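>>> Sharing a sequence plus its predicted fold:
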Amino acid sequence: MQASDRWLRTSGNVNGMLPGIRGIADLKSYNAEFVEWGSGPPVILVPGLAGGIALVEPLALELARHHHVIAVELRGESDCFALRQSFGLNDLADDLAEFIAWRGAERPTVVGISFGGVIALTCAARYPGLFDAVGVQGVGLRFESGLIQRIASMVLSNYPLPEDCPFVNQFFNLLFGAKPTADQLVHATRSCWQTDQSVMTHRLGLLRRFNFDTLLPRIMAPTLLISGSRDAIVSGANARGLVDGLADCHQTVLPRAGHLAPVSHTAATADALSCFFATANV
């Protein structure tokens, strides 16, 4: 059965790619939803603080041109009652390692977006040799507690996220680094609103307490950090601190991109990752 052009246009697919293959991994602490696209070398994609797989799907589709992309939801994304049990970044990193073993992916690369990048690097530190290479976006050496970060925490944790609210629109302009297109704004708000705000609050609390200083010496995998030149959440100095602290790390700065670069600069983000993985002999 062949999908019609009209169905492909209206179903959210990009460039005619069919929907990903969905599944659920029965892990020790939760049932992890995952989606797979494409074929080639395996890439594990870890979504960020809000929006889950839906928010990073455009990036997954771009990467799937040359890779077998497997995106996995974090604990709590689909079930806020998971917060009844205490868990931290190390536990989320252990979840990621367990999922990779469950899926049978041998030395994959991992791509972590924002909060997902923190988890990916934590996992790389806890399980040396698990990844061939690591790609992260929107990550710094530590959580910054400036005014913009406090506003972001307040909005994501406490403020409803309708698509037509001027205040929320301005907030997303800040995250994008510039006024997004109408489609980008709708995609971001709809995706982020799928994450329960109690889960966002919990994840923000974990970020406030994390610091990579003690973990960085244990990360040996080649690493790429992608930063946006207009990222208002992670400063240039904070990103540079992460690069300088890793044994083998390169940085790509995307001009005019903000913290939501995978949404606003999807192709550029995917190209930077693919080029890096190729030079890292992945």
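It's in. Numbering: from 1, shown residues only.
>>> Excluding covalently adjacent residues, which one is nearest to the residue most central in space within the chain?
In the chain, the centroid-proximal residue (CA atoms, centre = their mean) is Ile113; its distance is 2.2 Å. Once flanking residues are discounted, Ile113 sits nearest to Gly48: 4.3 Å by CB to CB, 6 or more residues apart in numbering. C-beta: built from backbone N, CA, C; applies to glycine.
>>> element containing the one you found, please.
Under DSSP states H and E, no helix or strand contains Gly48.
>>> Could you count how many residues lie near it?
Neighbour count for Gly48, taken as other CB atoms under 10 Å: 27.
>>> quick one: contacts for it?
Leu55, Val56, Ile113, Ser114, Phe115, Gly116, Gly117, Gly138 (CB atoms under 8 Å, 6 or more residues apart in numbering).
>>> what's the pLDDT at it?
Listed pLDDT for Gly48 reads 96.
>>> start the count at 148, not 1, going forward
Okay, using 148 as the starting number, the last item reads as Gly195.
>>> how near is it to Val257?
Using CB to CB, to the nearest Å, Gly195 is found at 14 Å from Val257.
>>> what does Trp184 give?
16 Å.
>>> rewinding a little: next up, the contacts around the residue nearest to the centre of the chain.
Neighbouring residues of Ile260 by CB under 8 Å, 6+ apart: Leu192, Val193, Pro194, Gly195, Val203, Leu206, Val283, Gln284, Gly285, Pro409.
>>> Kindly indicate which of the residues you listed lies nearest Arg337.
Arg337 lies nearest to Val203 out of those, by CB to CB, at 13.5 Å.
>>> Next up, the contacts around Gly264.
Counted by CB under 8 Å, 6+ apart, Gly264 has contacts Val193, Gly195, Val283, Gln284, Gly285, Val286.
>>> Okay, and which of those map to strands?
Residues of the contacts of Gly264 located in strands (DSSP state E): Val193, Val283, Gln284.
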